[in-house]
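> kindly return the folded structure for what I paste below:
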Amino acid sequence: MNIKFRKYFIQSGSLKAKVSYSLNRHISGKPCVTVYAKDYVSTLSKIFASAQNDTDISTDYFDKDRVRFFEGDEHYAEVLRLAR
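Residues are numbered from 1 along each chain as shown. From the prediction side, this is the model:
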């Protein structure tokens, strides 16, 4: 899969997800970069199967998609560069 990472979006084929990047540390203590979707369209979860969304429709709570990249992950170096 050819994925292009840009400052304000991630693109894979015809899918384009508007995103923001956050450099942080996971609860496990590992450094990571979290990529947040800027909309509720779920395009980010179509690009990455590991994307999370904790929406609870029964309580009217909507969350945007997010995906985390840890040190050693395939795209970590690229998203780290964009998060700085």
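
> what are the ranges of the helices in the protein?
Using DSSP state H, the helices of the chain run over 43-47, 76-83.

> tabulate those (a markdown table), appending mean pLDDT.
Shown next, in a markdown table, are those (pLDDT from 0 to 100):
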| stretch | mean pLDDT |
| --- | --- |
| helix 43-47 | 94 |
| helix 76-83 | 97 |
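
> what's the separation between residue 75 and residue 62?
For residue 75, the distance to residue 62 equals 26 Å [Cβ to Cβ, to the nearest Å]. C-beta coordinates here come from the backbone N, C-alpha and C atoms, glycine included.

> residue 5 - nearest residue in space that isn't next to it in sequence?
Once flanking residues are discounted, residue 5 sits nearest to residue 78: 5.0 Å by Cβ to Cβ, 6 or more residues apart in numbering.

> repeat for residue 11
Leaving aside its sequence neighbours, residue 11 sits nearest to residue 4 (Cβ to Cβ, 6+ apart; 4.6 Å).

> wait, doesn't the one you found sit right on residue 15?
No - if you go by Cβ atoms under 8 Å, residue 4 and residue 15 don't touch, sitting 10.6 Å apart.

> all strands for the chain, in order.
3-5, 9-12, 15-25, 31-37, 66-70 (DSSP state E).

> low pLDDT regions in the chain?
1, 60-61 (pLDDT under 70).

> recalculate using a threshold of 50.
Within the chain, no range satisfies pLDDT under 50.

> of residue 75 and residue 62, who's got more company?
residue 75 (15 against 11; other Cβ atoms under 10 Å).

> quick one, what contacts that one?
With contact taken as Cβ atoms under 8 Å, 6 or more residues apart in numbering, residue 75 is in contact with 3, 5, 69.

> surely the last one is in contact with residue 33?
Looking back up the chat, that one is residue 69. Yes - between residue 69 and residue 33 there is a contact at 4.9 Å, judged by Cβ under 8 Å.

> one step back: pick the one among the contacts of residue 75 closest to residue 42.
residue 3 (16.5 Å; Cβ to Cβ).
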